[in-house]
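Peer 1: structure for this input, please:
(one chain, ligands or ions: 1)
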Amino acid sequence: MLVVGLSGGVATGKSTVSAVFRQNGIPVIDADLVARQVVQPGHPTYVKLRAAFGEEFFDDASGGVLRREKLGKAVFTDLEMRKKLNAITHPSIRYEMLKQLLYHLFTGTRYIVFDTPLLFEVGYDKWIRTTIVVWCEEEIELKRMMTRDGFSREDALTRIAAQMSIGEEKKRAKILIDNNGTRDELLIQVEEVIRKLNSSWSPILVRVVIAVLFGLLSSWIIGFFR
Ligand SMILES: Nc1ncnc2c1ncn2[C@@H]1O[C@H](COP(=O)(O)OP(=O)(O)OP(=O)(O)O)[C@@H](O)[C@H]1O
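Peer 2: Numbers count the residues shown, from 1 in each chain. Okay, here's the model as predicted:
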């Protein structure tokens with residue numbers, strides 16, 4: 001199975017692009033979504049967070065949900081707190097994503113899209129050869145963030161500065177998607193990428209290699225027990 005990494009700056013259009021992949025029947029592992037799922041009340045990670053950070057970060061009037069914005073602001077300025085948060089959440093996020101990946105591997109999916117803003121920062125790109133970066137000019141990125149999230153220009157600039165520069169991401173990407181234009185223009189580009197991925201031999205080659213390795217391993221095991 002081919003894993004296609006999808007990244008880009010804040011509000012450059014990753015979710016809009018991954019929605020097109022989904023509409024075309026291609027499974028997407030969404031790291032942000034998984035990160036939200038593991039902090040839902042009842043999840044073991046939620047229990048650990050509550051014990052580590054205390055009641056003030058949980059809204060008991062609304063079922064005990066995590067006050068994401070409050071915690072986000074606190075860890076933004078406090079490195080120790082950020083380390084503690086990452087130490088609790090990251091292993092759990094990685095485990096959930098691995099489960100999804102294995103599910104798709106065993107159900108014979110040809111390829112999947114792995115949507116994460118930290119594709120290059122975390123170093124997933126060492127394992128994933130096909131990487132896509134969705135980009136747009138900073139002014140457009142700012143406008144989209146301010147409209148969608150209600151951020152001030154200053155807040156939006158701080159969010160952009162906290163991530164790897166889009167210039168650096170663009171240098172590392174195998175495939176670039178230019179989202180400076182309209183949604184229709186974006187759609188045309190994504191559909192072109194899907195066409196290319198569909199005609200790629202890589203997933204078939206990977207399967208042949210896995211099948212051969214599996215065959216060799218099985219015959220070795222049979223030989224061993226005879
Ligand atoms: N081509 C476009 N024209 C107009 N608006 C767009 C376009 N592409 C995306 N948007 C809008 O810009 C905003 C950001 O897009 P989207 O949520 O897809 O970005 P993202 O990279 O997934 O964001 P985040 O970094 O927060 O995960 C959304 O409100 C989306 O509807």
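
Peer 1: for the rest of this, base every contact and every neighbour count on C-alpha atoms.
Peer 2: Fine.

Peer 1: do me a favour and average the pLDDT over stretch 12-31.
Peer 2: For stretch 12-31, the mean per-residue pLDDT is 96.

Peer 1: let's see it as CSV, backbone CA atoms only.
Peer 2: The C-alpha trace of stretch 12-31 is given here as CSV (Å, rounded to 0.1, in the frame of the first residue of the first chain):
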residue,chain,number,x,y,z
THR,A,12,-3.6,26.7,3.1
GLY,A,13,-6.3,24.1,2.2
LYS,A,14,-5.2,20.6,3.5
SER,A,15,-8.7,19.7,4.7
THR,A,16,-10.3,21.0,1.5
VAL,A,17,-7.8,18.8,-0.5
SER,A,18,-8.3,15.7,1.7
ALA,A,19,-12.1,16.0,1.3
VAL,A,20,-11.6,15.6,-2.5
PHE,A,21,-9.5,12.5,-1.9
ARG,A,22,-12.3,11.1,0.3
GLN,A,23,-15.0,12.0,-2.3
ASN,A,24,-12.9,9.9,-4.7
GLY,A,25,-13.0,6.9,-2.4
ILE,A,26,-9.5,7.3,-1.1
PRO,A,27,-9.1,6.8,2.7
VAL,A,28,-7.6,9.6,4.6
ILE,A,29,-5.9,9.3,8.0
ASP,A,30,-6.3,12.8,9.5
ALA,A,31,-3.8,13.5,12.3
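
Peer 1: flag every buried residue along that stretch.
Peer 2: Using 16 or more other CA atoms under 10 Å as the test for burial, stretch 12-31 gives 12-18, 20-21, 26-31.

Peer 1: just those residues: which are in strands?
Peer 2: Judged by DSSP state E, strands contain the following of these: Val28, Ile29, Asp30.

Peer 1: quick check: bridge partners of the last one?
Peer 2: Which is Asp30. Per DSSP bridges, the residues bridged to Asp30 are Asp115.

Peer 1: with adjacent residues omitted, what lies nearest to Val28?
Peer 2: Val113 (4.6 Å; CA to CA, 6 or more residues apart in numbering).

Peer 1: for Phe151, that is, sorry about that
Peer 2: Phe151 sits nearest to Met145 (CA to CA, 6+ apart), 6.7 Å away.

Peer 1: so that neighbour touches Ala11, yeah?
Peer 2: Yes: counting by CA atoms under 8 Å, Met145 touches Ala11, with 5.8 Å between them.

Peer 1: quick one on the thing from earlier: near the ligand, which of the buried residues of stretch 12-31 show up?
Peer 2: For the ligand, the contacts drawn from the buried residues of stretch 12-31 by CA under 6 Å from any ligand atom are Thr12, Gly13, Lys14, Ser15, Thr16.

Peer 1: picking up where we left off before, which one of the ones in strands among the buried residues of stretch 12-31 is nearest the ligand?
Peer 2: Of all those, the ligand sits closest to Asp30, with 9.6 Å by CA to the nearest ligand atom.

Peer 1: that closest one and Ile112, how far apart?
Peer 2: 11 Å (CA to CA, to the nearest Å).

Peer 1: repeat that for Val193.
Peer 2: Relative to Ile112, Val193 is positioned 13 Å away (CA to CA).

Peer 1: ok, the two, which is more surrounded?
Peer 2: Of the pair Val193 and Ile112, Ile112 is the one with more neighbours under other CA atoms under 10 Å, namely 21 against 17.
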